[in-house]
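# Got a sequence here, can you build the structure:
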Amino acid sequence: MPAQDQEVQERTETPDMPSGRSYPAYALLIALYNALFGCFLLLYRRRENRLEKVEALDVALLGLATLRMSKLVSEDEITSVVRKPVIKEEHGEKRPQGTGLRAAIGKLVLCPTCTGTWIAALMTYSLHLWPRYTRPLLAVMAASAISQASDAVLSLVYTDRDLLRRE
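Next comes the predicted model:
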């Protein structure tokens, strides 16, 4: 198992659920995800002005915005208030709270990749249903993601530079 997957598994296991699995709750989340998709299809089908084609720029904006928003939901300090009902933090370590659906949502929220799947779906639905209002949000979040990625690259460059200076 890759180290990142192992880390996510360790973070998301709870004392109440050592295996971290709550299959009925997972099934409910899967059903909800699919129900949202079904609702989107019904709404989209009834629209007169459909967004028939998604351009490459839209996909790029969706990808970058999803990256940034999934980190925002899963990790940023400012959104800890949103995570509080499903996540407990002790000694700087975050774990799902409770059992069943609450713990399953906690696991979902702790995983940026998992959260990203939901965010990507919702933002894609939004882009198709309300493109005029969604594109500005995508642009802001994509710019934020590019800024965050640039900051990470600069941090690596500076770290390497400092290591070279010490040698």
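# okay, and for this structure, where does confidence drop off?
1-20 (pLDDT under 70).
# Quick one: the strands in this structure, in order.
87-90, 93-96 (DSSP state E).
# pretty sure Met141 is touching Ser70, no?
No: Met141 lies out of contact with Ser70 (CB atoms under 8 Å); the separation is 10.1 Å. For glycine as for every other residue, the C-beta is placed from the backbone atoms N, C-alpha and C.
# The longest helix belonging to the chain packs against which elements?
In the chain, assigned by DSSP state H, the helix with the most residues is helix 131-166. For helix 131-166, the elements it packs on are helix 56-74, helix 112-129, judged by 3 or more CB pairs under 8 Å, 6 or more residues apart in numbering; DSSP states H and E.
# Dump those into CSV; add mean neighbour count as well.
Shown next, in CSV, are these (neighbours: other CB atoms under 10 Å):
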stretch, mean neighbour count
helix 56-74, 19
helix 112-129, 18
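# Nearest to Leu101 among those helices would be which one?
helix 112-129 (14.8 Å; CB to CB).
# Give me the contacts around the closest one.
With contact meaning CB atoms under 8 Å, 6 or more residues apart in numbering, helix 112-129 is reached by 33, 36-37, 40, 43-44, 47, 50-51, 54, 58, 62-63, 65-67, 69-71, 73-75, 107-109, 133-135, 137-138.
# make it 6 Å
The set of residues external to helix 112-129 that reach it, using CB atoms under 6 Å, 6 or more residues apart in numbering, is 40, 43-44, 51, 62, 66, 69-71, 73-74, 108, 134.
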